[in-house]
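How does the following fold in three dimensions:
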Amino acid sequence: MTQPAKKLQSSPSVKIHVEKTDSPTQRIESRRTDELVIALCGAIGSGVSTVSKKVDTILKTKGYTTNYIKISTLIGSTLKGNNLAEGDFKRTETLQNKGNKLREDHGGDILAQLVIKEIAGQRNEQLQGDDDSSDKIVEKTLIGRRYATIIDSLKNPYEVELLKKVYGNMFHLFGVLCNDAQRKERLQNKGMSEPQAVQLMDRDKKEKDSLGQQLLKTLQHADFFIRNNRPNTGTLDKPIGRFIDLMLGQNNITPTINEFGMYIAESAARRSGCISRQVGAAILTTDGDIVSTGRNDVPKPSGGLYGDDDGEDDCRCFKVHDRACHNEKNKTQIYQNIEKILKDTLKEGISAEDVGKISLKIQDDSAIKDLLEYSRAVHAEMDAITSAARIGHFPLKGTVLFSTTFPCHHCARHIVASGIKEVYYIEPYEKSLAIKLHSDAIELNSTDGSDDSKKVIFSHFEGVAPKQYLNLFSCNNRKKGSILKEIDLITHKPTAATYLDTFLDYEAQVTKLVNAALADKEDESNE
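The predicted structure is shown next:
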């Protein structure tokens, strides 16, 4: 870890070295920075540090100076005497406890605040260490600063939110994925017992307190997903290198079939008006041709689902009755019935307060909270399957389904029965009993499914996240003359533009320019 950050000085006013004939657009473009902030998130045992080092190595080949910030080190530095328990299990548990306590005392994004302080302090040291004049310092150190900070690793969505707000397009999040069996094995290889490994894995995934470990919710914000289940870590170089090349503007990279499929699924999700969540699905052939799409929403009598085009006939939950989720309403009714039964049965020897506590415990600890039976909505995967049946032009046997969320057990049985051979998903779904109920027909795999498997392969999605699809794969200026324009990734600016000033600064500059230009014209007309 670097020295404690000094107070960050405000940047001096910059004189942009451009010709008088340059347009305001050109002048603003001259304030574009090369700097990157890259964070990683992944479940314990998924090998986030391994991926971080790969990112670091590849960025250096692109002309970047890098800095590595490990959040566990920042947490450790806040402990009294920097005293960490010996042994990987105790050490990890201590850091988890301290991280949670910091969030509880100072807010959910406190660890991101510490990271930002670290980044700002390092930049300030570089500014103070330069002997040039202030204008030249900013031009040299900020505008031309080919510098990347790598953060290992985030565990709470509040941390992502703050870093994104502060760094905007400079910020990118890598989601590192690995199946539970391999993660547990890695932890046990570090000397942990199986119960200790399982305890840390369960806690890391999702704690009840929103300020605790919330890895699953954090992963959903990733810009790139990478599977680190490969036995040879050298195979990570290709996908990580591809992501970084896209970030830096390489102009001859196009989407994989899986990236295209998941983007279509995400687009379908945006059509959903479900109160609870938006889920999308897409079924593609193995060659990448679209068979059908689906979203979670209420079915309509003529076939398909209700949507905005249905006008007054639209009977989705938020447009009828009390605009409430029917699944939640029915579960609430079940809880109320349970409490009534408890009160009627335990009339003597127990207070109403104790009955309430028992009822709450049943709500928290039973599977009632996971019931899906009372929703009016067709699930996205089912909608994709029934849409294909309604259109009836292509058989589903041997196709691939992309879903923004892991399929529930209801959808899973339809997927199996329809003959779909592979499923890719992004967001886990804790309520799903798909594997428990259909282990004979479904296989969890973090690598691409093998052709000779008789089971349906459910795999984590790997690739560019759908939300970055248009940003990274849009290329309007590939050609120079009649051939592909060559891109030098050692000097080329990142695809997502980030500028050093605020819109208020640019408003003032443009206003000054236009006033000066109009004044010159007026002087010319008076001569």
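
Thr405 - how many residues pack around it?
Here the count is done by other Cβ atoms under 10 Å, and Thr405 has 24 residues near it. For the C-beta atoms, the positions are set from N, CA and C on the backbone; glycine is no exception.

ditto for Glu312
Glu312: 6 neighbours (other Cβ under 10 Å).

Assumed it was part of a strand.
No: if the criterion is DSSP: H, G, I helix; E, B strand; the rest coil, then Glu312 is helix and not within a strand.

Tell me which helix or strand in the chain has the weakest average pLDDT.
The weakest-scoring helix or strand in the chain, judged by mean pLDDT, DSSP states H and E, is helix 134-138 (a mean of 52).

Can you show me the strands along the chain?
36-42, 65-70, 147-152, 171-177, 224-227, 280-284, 290-295, 400-405, 422-427, 442-444, 456-460, 463-464, 479-480, 483-484 (DSSP state E).

helices or strands up against the fourth one?
Spelled out, that is strand 171-177. Packing partners of strand 171-177 (3 or more Cβ pairs under 8 Å, 6 or more residues apart in numbering; DSSP states H and E): strand 36-42, helix 48-61, helix 157-167, strand 224-227.

returning to what we had before: how about the strands of the chain in JSON lines, adding mean pLDDT and distance to Tyr506?
Shown next, in JSON lines, are the strands of the chain (pLDDT from 0 to 100; distance: least, Cβ to Cβ, whole Å):
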{"stretch": "strand 36-42", "mean pLDDT": "97", "distance to Tyr506": "22"}
{"stretch": "strand 65-70", "mean pLDDT": "95", "distance to Tyr506": "28"}
{"stretch": "strand 147-152", "mean pLDDT": "96", "distance to Tyr506": "23"}
{"stretch": "strand 171-177", "mean pLDDT": "96", "distance to Tyr506": "21"}
{"stretch": "strand 224-227", "mean pLDDT": "95", "distance to Tyr506": "30"}
{"stretch": "strand 280-284", "mean pLDDT": "98", "distance to Tyr506": "37"}
{"stretch": "strand 290-295", "mean pLDDT": "97", "distance to Tyr506": "40"}
{"stretch": "strand 400-405", "mean pLDDT": "97", "distance to Tyr506": "37"}
{"stretch": "strand 422-427", "mean pLDDT": "95", "distance to Tyr506": "36"}
{"stretch": "strand 442-444", "mean pLDDT": "91", "distance to Tyr506": "51"}
{"stretch": "strand 456-460", "mean pLDDT": "94", "distance to Tyr506": "42"}
{"stretch": "strand 463-464", "mean pLDDT": "98", "distance to Tyr506": "30"}
{"stretch": "strand 479-480", "mean pLDDT": "81", "distance to Tyr506": "30"}
{"stretch": "strand 483-484", "mean pLDDT": "86", "distance to Tyr506": "33"}
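
Just name the most buried of the helices and strands packed on strand 171-177.
strand 36-42 (a mean of 26; mean count of other Cβ atoms under 10 Å).

Counting by contacts, list what it packs against.
helix 48-61, strand 147-152, helix 157-167, strand 171-177, helix 215-219.

where does the stretch 301-450 of the chain dip in pLDDT?
Applying pLDDT under 70 to the stretch 301-450 of the chain flags residues 446-450.

All the helices of it, in order from the start?
Counting by DSSP state H, counting those that start in this stretch, one finds helices in the stretch 301-450 of the chain at the ranges 326-345, 352-365, 380-391, 409-418, 434-437.

can those go into TSV with extra columns for distance to Glu259 and mean neighbour count?
Shown next, in TSV, are the helices of the stretch 301-450 of the chain (distance: least, Cβ to Cβ, whole Å; neighbours: other Cβ atoms under 10 Å):
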stretch	distance to Glu259	mean neighbour count
helix 326-345	32	14
helix 352-365	39	13
helix 380-391	18	22
helix 409-418	21	20
helix 434-437	24	16
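
Relative to Cys41, how far out is Val198?
20 Å (Cβ to Cβ, to the nearest Å).

need the contact list for the closest residue in space to Leu154 that isn't next to it in sequence.
Residue nearest to Leu154 in three dimensions, not counting chain neighbours: Cys41, with 4.4 Å by Cβ to Cβ, 6 or more residues apart in numbering. Counting by Cβ atoms under 8 Å, 6 or more residues apart in numbering, Cys41 touches 48, 153-155, 160, 173-176, 215, 218-219, 222.

Can you convert those residues into a markdown table and add a column each for distance to Phe260?
Shown next, in a markdown table, are these (distance: Cβ to Cβ, whole Å):
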| residue | distance to Phe260 |
| --- | --- |
| Val48 | 27 |
| Ser153 | 29 |
| Leu154 | 28 |
| Lys155 | 31 |
| Val160 | 25 |
| Leu173 | 21 |
| Phe174 | 20 |
| Gly175 | 19 |
| Val176 | 23 |
| Leu215 | 27 |
| Thr218 | 25 |
| Leu219 | 21 |
| Ala222 | 18 |
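
Which of those residues sits closest to Asn251?
Using Cβ to Cβ, Phe174 comes nearest to Asn251 of the contacts of Cys41, at 22.1 Å.

Check what pLDDT Ala181 gets.
Looking at Ala181, its pLDDT reads 87.

before we move on, what about Gln278?
pLDDT, Gln278: 94.

Correct me if wrong: it contacts Glu266.
No: contact criterion Cβ atoms under 8 Å: Gln278 and Glu266 do not qualify, at 9.1 Å.

Now do the shared contacts for the two.
Here Gln278 and Glu266 share the contacting residues Thr404, scored by Cβ under 8 Å, 6+ apart.

which of those two has more neighbours?
The neighbour count for Gln278 versus Glu266, taken as other Cβ under 10 Å, is higher for Glu266 (21 against 18).

And the closest residue to that one other than its chain neighbours, how close does it get to Ser267?
Leaving out its chain neighbours, the residue that sits closest to Glu266 by Cβ to Cβ, 6+ apart is Pro466, at 3.4 Å. Note on Pro466: its distance to Ser267, by Cβ to Cβ, is 8 Å.

okay, these two: which has more neighbours?
Neighbours per residue, other Cβ under 10 Å: of Pro466 and Ser267, the larger number sits with Pro466, 23 against 15.

okay but that one is in contact with Arg270, surely?
No: applying Cβ under 8 Å, one finds Pro466 not in contact with Arg270, separated by 9.9 Å.

which residues are contacting the longest helix along the chain?
In the chain, taking DSSP state H as the definition, the longest helix is helix 503-526. Residues outside helix 503-526 that contact it (Cβ under 8 Å, 6+ apart) are Pro24, Arg27, Ile28.

Please pick the buried ones from the residues you listed.
Buried subset of the contacts of helix 503-526 (neighbour count, 16 or more other Cβ atoms under 10 Å): Arg27, Ile28.

Skipping adjacent residues, who's closest to Glu207 in space?
Gln213 is the one closest to Glu207 (Cβ to Cβ, 6+ apart), at 5.0 Å.

quick one: pLDDT of the one you found?
On pLDDT, Gln213 comes in at 86.

What degree of burial does it show, as a neighbour count?
23.

go on, Asp88?
For Asp88, the count of nearby residues is 16 (other Cβ under 10 Å).

Next one: it from Lys485, what distance?
Noted for Asp88: a distance of 50 Å to Lys485, by Cβ to Cβ.

dump the residue contacts of Glu430.
Here Glu430 is in contact with Lys206, Leu216, Asp370 (Cβ under 8 Å, 6+ apart).

Throw the helices and strands packed on strand 36-42 into a markdown table and include distance to Leu305, thanks.
Below are those laid out as a markdown table (distance: least, Cβ to Cβ, whole Å):
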| stretch | distance to Leu305 |
| --- | --- |
| helix 48-61 | 39 |
| strand 147-152 | 41 |
| helix 157-167 | 29 |
| strand 171-177 | 30 |
| helix 215-219 | 27 |
